[in-house]
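Undergrad: no sequence on this one, just coordinates:
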């Protein structure tokens, strides 16, 4: 094991514990899980590296591109960046091409949410609202999935700033979901 992998492994162990099953091979899944952990902890550079390693191992692994799309800017602040869309375009030129590479409905739902976040035409606020709406649809299908719940909560907090009078309700709902996660797994990042 090289020094950089050793340091990354040590960092990853401190991130927390969570489960995010996917259709990926074991090798790609390992990097994907590390990317998700860093993403939860807002380690965007580390997350991007791990998602790209998963893509190298499995070039059609849709969720590796989903994850990378969220590494180009902080979900709560920052200017609009073209990087998220570019990450998804490497997976496929059209939504149909990208969706065909997702192996199940949950993976397609996450991918739709990334498309809403990265490819919605409009302001950063409009993109955040579109992301939250897509995550709300995914959460309706998978209310007991902790990762769906976690990313839905983050999307609501992100969208709240652009949601006018709905902001307090969104923040409260996001907080309630985060508390549910904490009660189920107090080591979730």
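TA: Received the coordinates, thanks. Remember, it's a predicted structure, so these values are computed and weren't measured experimentally.

Undergrad: the closest residue to residue 32 other than its chain neighbours: what secondary structure?
TA: Using Cβ to Cβ, 6 or more residues apart in numbering and skipping residues adjacent in sequence, the residue nearest residue 32 is residue 54, 4.5 Å away. C-betas here are computed from N, CA, C, even on glycine. Under DSSP: H, G, I helix; E, B strand; the rest coil, the three-state class of residue 54 is helix.

Undergrad: how about residue 67?
TA: helix.

Undergrad: and it, what does it touch?
TA: By Cβ atoms under 8 Å, 6 or more residues apart in numbering, the contact set of residue 67 is 32, 35-36, 39, 47, 50-51, 54.

Undergrad: what sits up against the helix or strand hosting residue 159?
TA: Here residue 159 sits within helix 146-160, counting by DSSP states H and E. Taking contacts as Cβ under 8 Å, 6+ apart, the residues outside helix 146-160 that touch it are 18-20, 36, 40, 75-76, 106, 109-110, 113, 117, 125, 128-129, 131-132, 134-136, 138-139, 142-143, 166-168, 170-171, 173-175, 177-178, 180-181, 184-185, 188.

Undergrad: isn't residue 188 up against residue 178?
TA: No. Here residue 188 does not reach residue 178: they are 9.1 Å apart, not a contact under Cβ atoms under 8 Å.

Undergrad: residue 86 and residue 170, how far apart?
TA: 29 Å (Cβ to Cβ, to the nearest Å).

Undergrad: which of these two has more neighbours?
TA: More neighbours surround residue 170 than the other of residue 86 and residue 170, with 20 against 13 (other Cβ atoms under 10 Å).
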